[in-house]
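A.B. asks: sharing a sequence plus its predicted fold:
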Amino acid sequence: MSFISGTYQASHLQAVEYGPGSIRRLPQILAQLHVRRPFIITGTSIRTSTPIISDIIELLSLSDTVENTKQEIGVFGHIRQHAPIEDINAALVMFDRANADSLIVVGGGSPIDSAKLISVKSERVQFPPIIAIPTTLSVAETTSGIGYTSESGHKAKMTEPRAAPKYIIYDSELLKYTPKWLLLSTGMRAVDHAIETIYHKTVGELPFKPLALAAAGELFTCLPKLAANPDNTEYGQRAMNAVFMSLFPRERIDGPLGLSHSIGLAIGSSYTIPHGITSCITLPHTVRYKIKSDTYAEKQIKRLVPFLGLPSNSPAEAVADAISELIASLNLTATLSDYRAPREDARRIAIYALHNEADPELDAIIHLIELLY
């Protein structure tokens, strides 16, 4: 927990392309990776309701980088919310049939995590390289963690550093196709990443915490601007750059990122709550709980005060209030009751979040979860 000593271990990420129009550098990225048969993974809405995938196929077909014709470039466009394992297995079959050597994934956390698991599960190609092209602000592209929904309907997680994307393209021109509520709520997901990075006890100071502080401040600036004008590519790009800082690439992290994330995992797939909305439900109450129960967390949370534009003498509680106010200003206030989660599930959610029924914090976390209704 020292500010002045620690270790930073880099991830397998090789480069990030960012800026409006940066997707046009995709053929050069494929050349740098020495791959020629890419396979595209995305979700249904991007595949059927936007021109993004057809534009990518056209871009690749005009390049001599790939050996596929336009008709031969494989696409799986049916990844659903929370990455069901049956969707991932179906995509893996198509990836193998296409004799592909790499993955281009377009979308948010569910398609990106699906691509990572395909990279892990592929027996034909050992860890095919992934190029991630996010269209939300949820930040699955920087991590080696993989979240998906098992056959039983429960959220499952694993970590495999070799499956992390090799390249990321942050192109704010693509955000115009993202529904406003999804753009803003995934932005709150990134705020969640930043704040839980700041008070995580095993995340080193360098480079993560200064970057997370800056990311939180930038997102508090950009999200209201995007709420007023979602097509603003300047604020969209600033937000994309900030989310990269909110969960800066690392080899791995010890345990869950934080309590807000753990509760979010417990409620997301169980009650069909989108990832970003889980953060809107959990983060303000979790921050208040951490301030009261953990002196280290309180001290770290107070570091956010100047970055959020709060008076310098503000207590840590002002940060929790600012989070609630931001969520309300974005029209994203939500509760578990809105998603018909039974109140009697509070204990089950707490046990899932803590991974231990005997945890001494169990009663306190049950009370915390009851506040989410």
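C.D. replies: Okay, I see it.
A.B. asks: report how many residues lie close to the residue lying closest to Arg250 once chain neighbours are set aside.
C.D. replies: Nearest non-adjacent residue to Arg250, counting by CB to CB, 6 or more residues apart in numbering: Ser11, 5.7 Å away. Every residue, glycine included, has its C-beta placed from N, CA and C. By other CB atoms under 10 Å, 17 other residues sit near Ser11.
A.B. asks: surely Ser11 meets Arg162?
C.D. replies: No - taking CB atoms under 8 Å as the definition, Ser11 is not a contact partner of Arg162, at 10.1 Å.
A.B. asks: pull up the overlap in contacts between those two.
C.D. replies: Shared contacts of Ser11 and Arg162, defined by CB atoms under 8 Å, 6 or more residues apart in numbering, comprise Ser144.
A.B. asks: the residue nearest to Arg250 sits in which helix or strand?
C.D. replies: Assigned by DSSP states H and E, Ser11 falls within no helix or strand.
A.B. asks: list the contacts of it.
C.D. replies: When contacts are counted by CB under 8 Å, 6+ apart, Ser11 touches Thr142, Thr143, Ser144, Pro161, Ala164, Pro249, Arg250, Glu251.
A.B. asks: between those, which is closest to Ser262?
C.D. replies: Nearest to Ser262, judged by CB to CB, of the contacts of Ser11 is Thr143 at 15.3 Å.
A.B. asks: dihedrals phi and psi, that closest one?
C.D. replies: The phi/psi pair for Thr143 (degrees, to the nearest 10) reads phi -110, psi 160.
A.B. asks: correct me if wrong: it contacts Ala164.
C.D. replies: Yes - when contacts are counted by CB under 8 Å, Thr143 is listed as touching Ala164 (6.6 Å).
A.B. asks: hang on, the earlier thing: turn the contacts of Ser11 into a markdown table, including secondary structure and neighbour count.
C.D. replies: Formatted as a markdown table, the contacts of Ser11 follow (DSSP: H, G, I helix; E, B strand; the rest coil; neighbours: other CB atoms under 10 Å):
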| residue | secondary structure | neighbour count |
| --- | --- | --- |
| Thr142 | coil | 24 |
| Thr143 | coil | 27 |
| Ser144 | coil | 21 |
| Pro161 | helix | 17 |
| Ala164 | coil | 28 |
| Pro249 | coil | 20 |
| Arg250 | coil | 21 |
| Glu251 | coil | 14 |
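A.B. asks: and for the spatially closest residue to Leu332 that is not a sequence neighbour, the neighbour number?
C.D. replies: The shortest distance from Leu332 to any non-neighbouring residue, by CB to CB, 6+ apart, is to Cys280 (4.6 Å). Number of residues near Cys280 (other CB under 10 Å) recorded here: 27.
A.B. asks: just list the residues touching Cys280, thanks.
C.D. replies: Applying CB under 8 Å, 6+ apart, the residues contacting Cys280 are Ser185, Met188, Ile327, Leu332, Thr333, Ala334.
A.B. asks: where do the contact lists of Thr143 and Ala164 overlap?
C.D. replies: Residues touching both Thr143 and Ala164 (CB under 8 Å, 6+ apart): Ser11, Pro249.
A.B. asks: using the three-state scheme, assign Arg288.
C.D. replies: helix (DSSP: H, G, I helix; E, B strand; the rest coil).
A.B. asks: any idea how far Val319 is from it?
C.D. replies: 9 Å (CB to CB, to the nearest Å).
A.B. asks: neighbour count winner among these two?
C.D. replies: Per other CB under 10 Å, whichever of Arg288 and Val319 has more neighbours is Val319, with 26 against 20.
A.B. asks: which residues does that one contact?
C.D. replies: Residues counted as contacts of Val319 (CB under 8 Å, 6+ apart) are Ile195, Val287, Ile301, Lys302, Leu304, Val305, Leu308, Leu310.
A.B. asks: buried residues of the helix or strand in which it is found, list them for me.
C.D. replies: Using DSSP H and E, Val319 sits within helix 317-329. Across helix 317-329, burial judged by 16 or more other CB atoms under 10 Å covers Ala318, Val319, Ala320, Ala322, Ile323, Ser324, Leu326, Ile327.
A.B. asks: which one of the contacts of Val319 is nearest Met94?
C.D. replies: Ile195 (38.3 Å).
A.B. asks: residues near the closest one, how many?
C.D. replies: 30.
A.B. asks: mind pulling up the pLDDT for it?
C.D. replies: At Ile195, the model reports a pLDDT of 98.
A.B. asks: quick one: contacts for Phe248?
C.D. replies: Contacts of Phe248 (CB under 8 Å, 6+ apart): Thr142, Pro207, Phe208, Leu211, Ala212.
A.B. asks: so what are the domain limits for the chain?
C.D. replies: Under the assignment automatic domain parsing, the domains of the chain span 15-177, 180-370.
A.B. asks: right, and Met245 touches Ala216 too?
C.D. replies: No - counting by CB under 8 Å, Ala216 is not a contact partner of Met245; they are 9.1 Å apart.
A.B. asks: shared neighbours, those two?
C.D. replies: Residues touching both Met245 and Ala216 by CB under 8 Å, 6+ apart: Ala194.
A.B. asks: who's more crowded, the two?
C.D. replies: Ala216 (28 against 24).
A.B. asks: grab the nearest non-local neighbour of that one.
C.D. replies: Among residues not flanking Ala216 along the chain, Ala194 sits closest, at 4.2 Å (CB to CB, 6+ apart).
A.B. asks: next one: that neighbour from Ala346, what distance?
C.D. replies: 27 Å.
A.B. asks: just Arg37 next, same as before
C.D. replies: 49 Å.
A.B. asks: same question, Thr202
C.D. replies: 28 Å.
A.B. asks: what angle separates the helix ranked longest in the chain from helix 317-329?
C.D. replies: Longest helix of the chain, by residue count under DSSP state H: helix 208-228. Angle of helix 208-228 versus helix 317-329, following axes from the mean of the first three to the mean of the last three CA atoms, to 10 degrees, is 30 degrees.
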